[in-house]
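1. Next one to model:
(2 chains)
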Amino acid sequence: MSRKLIMVKTMPHNETDSSEQLHRRRFLKGLSALVGSFAAGQFIFGNGLSVAQAYEIVPGGIQGKGQILTAFQLEQLAQVCRQVLPRTNTPSAADVDCHGFIDNQLAHCYEAREQQRVIATLNNLNSAAKHQYQLMFTAVSDTQQVQLLNAIDTGQSPFNKSQTNDFKFLKSLICFGYYTSEVGATKELRFDPIPNGYKGTVALGEDDSNWGSQGLFY
Amino acid sequence: MNNKKDEYYIKNSDTVFDAIVIGSGISGGWAAKEFTERGFKTLMIERGRIVEHQKDYIGENIAPWQQPLRTRVDNLLVNEQHKIQKQCYAFKDATKHFFGNDKDLPYTTAKGTQFSWIRANQLGGKSLLWHRQSYRWGPYDFIANKTDGHGNDWPIRYADIADWYSHVERHAGISGSKENLPNLPDSEFLPPFDLNAPEKALQKQFSALYPERPMIIGRAAHLTEPTELQISQGRMQCKARNECQAGCSFGAYFSTQSSTLPAAAATNNLHIAANSVVHSLIYDESSNRVKGVRVIDNDDLSQREYFAKVVFVCASTLGSTQILLNSTSKRFPNGIGNSSGVLGHYLMDHNYNAGGTGDLAGFEDEFYSGRRPTGVYMPNFNYKPDNKRGFLRGYALSGRAYREDWKSMQRSDGIGVDFKNKLRRPGKWKFGLWAQGEMLPRYENHVSLHTNLKDKWGMPQLNINCQFSENERAMMHDAANQVELMLTAAGLTNIKTEVTNEAPGLAIHEVGTARMGRDPKTSYLNGYNQSHDVPNLFVTDGSSFCSSAVQNPSLTFMALTARAVDYAAKELQQKRL
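-> Residues are numbered from 1 along each chain as shown, chains lettered A, B, ... in the order given. Next up, the predicted model:
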């Protein structure tokens, strides 16, 4: 999945270059077109714009072992992602590598206790699948996976309340991963980086999706 | 501006400037603008690095999927450098470089107390990171201490500052609606941001149910319709991105970089010494004047000095207080100008420990576009004392109506296509109100210099001893109750209120530690923010406040600073400083 640039409307598209530095230059350049000649001379481009690379979505999903999760756990998580946010007319959470993203996010932004909550959830789903169907979670049918996930999501037997809470935590990671991905923010939802003002009253069409652009606050 | 920067950034200088301004945030920026526009050669001293408008807003306009951790900050960095700063709501990957490095900025808190000190040590200071809410104080706020006897009487009244509010508002640009309220005077407004449909409906309902509690649009330092002056500074209309704290290349919100610095730079009277950590003021006992400042280089820790006829200390409430306490001499062993002994005492912050939300029925076809950088505001309705209320002073309520999105629905029950489709559509309308309460000035809430711990620049660390009192707690319980009553009366359902127990600091509205007053025995500054003891020393940031009131303080920093410069300039011309 390519990481396209967000462009100011006046900027020419250049699909081949995805460097953050160039993106920033373009943003300022586009801005100067909006401002007009007065401020154009005030921009200084270049220097010191070191932006780390974003998590690179792996087309078709991450393969092999992750930073926190084993290859097997990642495969199981991919299936959970696919059931929680499946393919509709937009890709599923697994299609946009939410599982790989979650592994990376857990490694960098969460403590060991929270990492364990995700691992425990995967184990709990496996235990229940083995108990009910004598198979691992990844081996049971779609219908059976959905049944297990609904049970853990709503605190039904064999899952207890704390297991449900752990699953809700994982579900929030899946949602975060999906709706902050390019697909989630721009295709599933509507993304407007520069809204040009606030309108307090806008008619909501029958099929309008929510805003995927949230400023600083995701 | 950029082509002049070689001229105005300086490092070593023997010049005796007309004025030194310590700090480059909201107060420092205003002091520099007002001095330079009056023709005074001014040196602005900033402890941190230079941040250039536009060029250095490196987190701006980067989509979440283009950020390394989708807006979050890596644990390694947080644990190493930002254990305190991370508590700020605006601490994100796009903003983290504007927050201080906690490892270099140690302080201690008294046993059993907590205080989160948010730092923004760079050119522009917290003017880059502020929440931009801008309210005048009203007549009752300046007599509150006198009326109930807590704290000392303000030496000024609303009438003393009203014209200065107008002066700063016309330059900075404040959006809002004219309301003619008794204790929240109107500003010189740019057009207000819109209310959304449920907010308009609630506004009507509340005005019928509670005539004394109008709900208005939040007043914010955003250019909803820039004036010619603002356009001439390169500023543009607010685009409603709501990523302000990453920096705004449109210059659409007020900051030093967007507003006061370009004005000061245009005079050719401004110089800036960045990376200069002020250690102490240089005091001359024979003339009883401040001669200049001693600074430690931010990078190589070498020492240098700067000199001026008048010194304005605008380094933030706690920053200024630390410098003043550390400026000792034979005459002032406990900090320059501190013959009263009040320096460091009466620390206040605002109290954000109550609020509530509920569900709003209807409005299914209504939505909004853009990200409004302000909310709705219900001004303090307890501004008149009432013995039966059970607490002193009051609180404002701010909030908004919004439709639920994936963030608020992601933990709701469900998986699969239905769940995904639910999260795709705007959810039900919610409305919430959250309190911002006044904190009483109390002598016990104080900062002092640690007796032996120092930071890497050799500055004694601050020890902070500050707690909310029973009055603040009682007020928050009342706020939660009132929110519940109001939301219920307006027909909301699923109402949830809460009272929390967060320590002071995170409102980032700290004020009061070098207070003004009429009596030199009980106050540090006179009614013009001038030291009672040392005539050419002024302190114009939040440390000069006698009370916290309910309103956000920054607009009052601006007005007090502009007024103090006007006074100091006249005194300089009369050769009385």
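2. I'd guessed B:Glu212 sits against B:Phe381; true?
-> Yes: between B:Glu212 and B:Phe381 there is a contact at 5.4 Å, judged by Cβ atoms under 8 Å. Where C-beta positions appear, they are placed from N, C-alpha and C, glycine not excepted.
3. So between those two, which is more surrounded?
-> The residue with the greater number of neighbours, taking B:Glu212 and B:Phe381 and applying other Cβ atoms under 10 Å in any protein chain shown, is B:Phe381; the counts read 16 against 9.
4. which residues of chain A score low on pLDDT?
-> A:1-54 (pLDDT under 70).
5. Domain map for it?
-> Per automatic domain parsing, the structural domains of chain A span A:1-52, A:71-182.
6. lowest-pLDDT helix or strand in chain B?
-> Confidence across the helices and strands of chain B bottoms out at helix B:5-8, with a mean of 75, counting by mean pLDDT, DSSP states H and E.
7. From the centroid of chain A, which residue is nearest?
-> Note on chain A: the residue nearest the mean C-alpha position is A:Gly177, at 2.0 Å, using Cα atoms, centre = their mean.
8. Just to be sure, that one is in a strand?
-> No: looking at A:Gly177 with DSSP: H, G, I helix; E, B strand; the rest coil, it is helix, so not inside a strand.
9. And the helices in the chain?
-> In the absence of a named chain, this looks at chain A. With helices called from DSSP state H, chain A shows them at A:20-35, A:37-40, A:71-84, A:98-109, A:112-133, A:142-154, A:161-179, A:182.
10. That was the other one, I meant chain B.
-> Using DSSP H, the helices of chain B run over B:5-8, B:26-37, B:75-81, B:139-148, B:158-172, B:197-209, B:228-232, B:261-265, B:317-325, B:406-409, B:417-424, B:470-489, B:554-573.
11. if you average pLDDT over the second one, what comes out?
-> If you average the pLDDT over helix B:26-37, you get 98.
12. what do you get for the third one?
-> Across helix B:75-81, the average pLDDT comes to 93.
13. Skipping adjacent residues, who's closest to the closest residue to chain A within the stretch 401-550 of chain B in space?
-> When distances are taken as Cβ to the nearest Cβ, the stretch 401-550 of chain B reaches nearest to chain A at B:Gln410, 3.9 Å away. Nearest in space to B:Gln410, with sequence neighbours left out and distances taken as Cβ to Cβ, 6 or more residues apart in numbering or on different chains, is A:Cys175 at 3.9 Å.
14. Check chain B for its longest strand and report it.
-> Scanning chain B for the longest strand, with DSSP state E as the assignment, gives strand B:303-313.
15. Each with direction, which strands does that strand pair with?
-> Using DSSP bridges, the strands paired with strand B:303-313 in its sheet are strand B:16-22 (parallel), strand B:289-297 (antiparallel), strand B:537-539 (parallel).
16. Which of those sits closest to B:Gly370?
-> For B:Gly370, the closest of the strands paired with strand B:303-313 is strand B:16-22, at 36.4 Å, according to Cβ to Cβ.
17. what does that closest one rub up against?
-> The list of residues contacting strand B:16-22 from outside it, by Cβ atoms under 8 Å, 6 or more residues apart in numbering or on different chains, reads B:28, B:31-32, B:35, B:40-45, B:271, B:278, B:292-293, B:306-315, B:320, B:323, B:568, B:572.
18. what residues are up against the closest residue to B:Ser255 other than its chain neighbours?
-> Closest residue to B:Ser255 apart from its sequence neighbours, by Cβ to Cβ, 6+ apart: B:Ser127 at 4.3 Å. Neighbouring residues of B:Ser127 by Cβ under 8 Å, 6+ apart: B:Gly25, B:Ile26, B:Gly29, B:Phe254, B:Ser255, B:Thr256, B:Gln257.
19. Tell me the one of the residues you listed nearest A:Glu188?
-> If you rank the contacts of B:Ser127 by distance to A:Glu188 using Cβ to Cβ, B:Ser255 comes first, at 34.7 Å.
20. Endpoint to endpoint, stretch B:320-339 covers what distance?
-> One end of stretch B:320-339 to the other measures 17 Å (Cα to Cα, to the nearest Å).
21. Quick one: mean pLDDT over that stretch.
-> The average pLDDT within stretch B:320-339 is 98.
22. Stretch B:127-135 too?
-> Stretch B:127-135 shows a mean pLDDT of 98 in the predicted model.
23. ditto for stretch B:463-479
-> Model confidence over stretch B:463-479 averages 98 on the pLDDT scale.
24. Any idea how far apart the tips of that stretch sit?
-> Stretch B:463-479 has an end-to-end distance of 31 Å (criterion: Cα to Cα).
25. Please apply the same query to stretch B:464-474.
-> From the first residue to the last, stretch B:464-474 extends over 24 Å; the measure is Cα to Cα.
26. in it, what counts as buried?
-> B:Ile464, B:Asn465, B:Cys466, B:Gln467, B:Phe468, B:Asn471, B:Glu472, B:Arg473 (16 or more other Cβ atoms under 10 Å in any protein chain shown).
27. could I get stretch B:282-296 in PDB with only the CA atoms?
-> Only the C-alpha atoms of stretch B:282-296 are listed here, as PDB (Å, rounded to 0.1, in the frame of the first residue of the first chain):
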ATOM      1  CA  ILE B 282      22.400  41.800  38.300                       C
ATOM      2  CA  TYR B 283      21.600  44.200  41.100                       C
ATOM      3  CA  ASP B 284      23.400  47.400  41.900                       C
ATOM      4  CA  GLU B 285      22.900  48.300  45.500                       C
ATOM      5  CA  SER B 286      24.200  51.800  45.400                       C
ATOM      6  CA  SER B 287      21.600  52.900  42.800                       C
ATOM      7  CA  ASN B 288      19.000  50.300  43.900                       C
ATOM      8  CA  ARG B 289      18.600  49.300  40.200                       C
ATOM      9  CA  VAL B 290      18.800  46.200  38.200                       C
ATOM     10  CA  LYS B 291      21.700  46.600  35.800                       C
ATOM     11  CA  GLY B 292      21.200  43.500  33.600                       C
ATOM     12  CA  VAL B 293      21.000  39.800  33.700                       C
ATOM     13  CA  ARG B 294      23.500  36.900  34.100                       C
ATOM     14  CA  VAL B 295      22.800  34.000  31.700                       C
ATOM     15  CA  ILE B 296      24.200  30.500  31.200                       C
END
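28. Thank you, goodbye.
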